[in-house]
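S.K.: missing the sequence, but the structure's below:
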């Protein structure tokens, strides 16, 4: 004695719902792992930046959004550094006045970048007696007197061209392209 048409429909619907739940769970697991993988890649790319490495790592956050209604589960990787896009796309950076750039020679001698915690007036007060400035076509260079040599330690410029150094988009694209295959692998035959 077989099932009638209504019972068959009910069984098929239950079976499909269970398969759909398994698929949704697999997609959620893959999305979480893919977001974690992208976050690691972003941190790896940012590891070459000078500055507070811990702050850079903390700026990368993953937010998992639960499925609601017709919206599926989603994971978002967010980098909380607003100026980082300049390094993803390349840009010309300008300041309100001059940008003060620490030279490689200045860095080798232990001088620090100009920041809110290390402002130019304070730095200049410490180096003024052994330094001098020379105007150049795109700004000015601060030289440090070392015996009979002059070493450039800071450069004043109106603008700086920032080359493209990061590529989060390609990493996200590659990870995203692998997601369907990973979901299918989890679902099994």
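M.R.: Structure received. As the structure is a computational prediction, the values presented were derived from the model and not from experiment.
S.K.: okay, CA-based contacts and neighbour counts for the rest of this
M.R.: Fine.
S.K.: which residues touch the closest residue to residue 66 other than its chain neighbours?
M.R.: Sequence neighbours aside, residue 73 is the residue nearest to residue 66 in space, at 4.9 Å (criterion: C-alpha to C-alpha, 6 or more residues apart in numbering). Residues near residue 73 by C-alpha atoms under 8 Å, 6 or more residues apart in numbering: 24, 27, 28, 31, 64, 65, 66, 67.
S.K.: next SSE after the strand or helix carrying residue 18?
M.R.: Using DSSP states H and E, residue 18 falls within helix 5-46. Remark: after helix 5-46, the chain's next helix or strand is helix 53-59, criterion DSSP H and E.
S.K.: Need the contact partners of that next one.
M.R.: 43, 46, 47, 78, 79, 80, 81.
S.K.: of these, buried ones?
M.R.: 43, 46, 79 (16 or more other C-alpha atoms under 10 Å).
S.K.: Neighbours of residue 106, how many?
M.R.: By other C-alpha atoms under 10 Å, the residues close to residue 106 number 20.
S.K.: Grab the nearest non-local neighbour of it.
M.R.: With C-alpha to C-alpha, 6+ apart as the criterion, residue 106 has its nearest non-adjacent residue at 3.9 Å, and that residue is residue 153.
S.K.: Pull out the buried positions in the helix or strand of the chain with the lowest mean pLDDT.
M.R.: Ranked by mean pLDDT, DSSP states H and E, the weakest helix or strand in the chain is helix 53-59, scoring a mean of 81. By 16+ other C-alpha under 10 Å, the buried positions in helix 53-59 come out as 56, 57.
S.K.: ok, the helix or strand that comes right after it: who's next to it in the sheet?
M.R.: Of the helices and strands lying after helix 53-59 in sequence (DSSP H and E), the nearest is strand 60-65. Sheet pairing for strand 60-65, assigned by DSSP bridges, gives strand 74-79 (antiparallel).
S.K.: what's the following helix or strand after the partner strand?
M.R.: Strand 74-79 is succeeded, C-terminally, by helix 85-89 (DSSP H and E).
S.K.: buried sites along the next helix or strand after that following helix?
M.R.: Using DSSP H and E, the next helix or strand after helix 85-89 towards the C-terminus is strand 91-102. The neighbour-count check on strand 91-102 (16+ other C-alpha under 10 Å) flags 99, 100, 101, 102 as buried.
S.K.: For the longest strand along the chain, what is the distance to the chain centroid?
M.R.: Longest strand in the chain, counting residues (DSSP state E): strand 149-162. Chain-centre distance of strand 149-162: 26 Å, with C-alpha atoms, centre = their mean, to the nearest Å.
S.K.: and it, which strands flank it?
M.R.: With DSSP bridges as the test, strand 149-162 pairs up with strand 91-102 (antiparallel), strand 139-146 (antiparallel).
S.K.: what bits of the protein have low per-residue confidence?
M.R.: Within the chain, the segments meeting pLDDT under 70 span 1, 51-52, 189.
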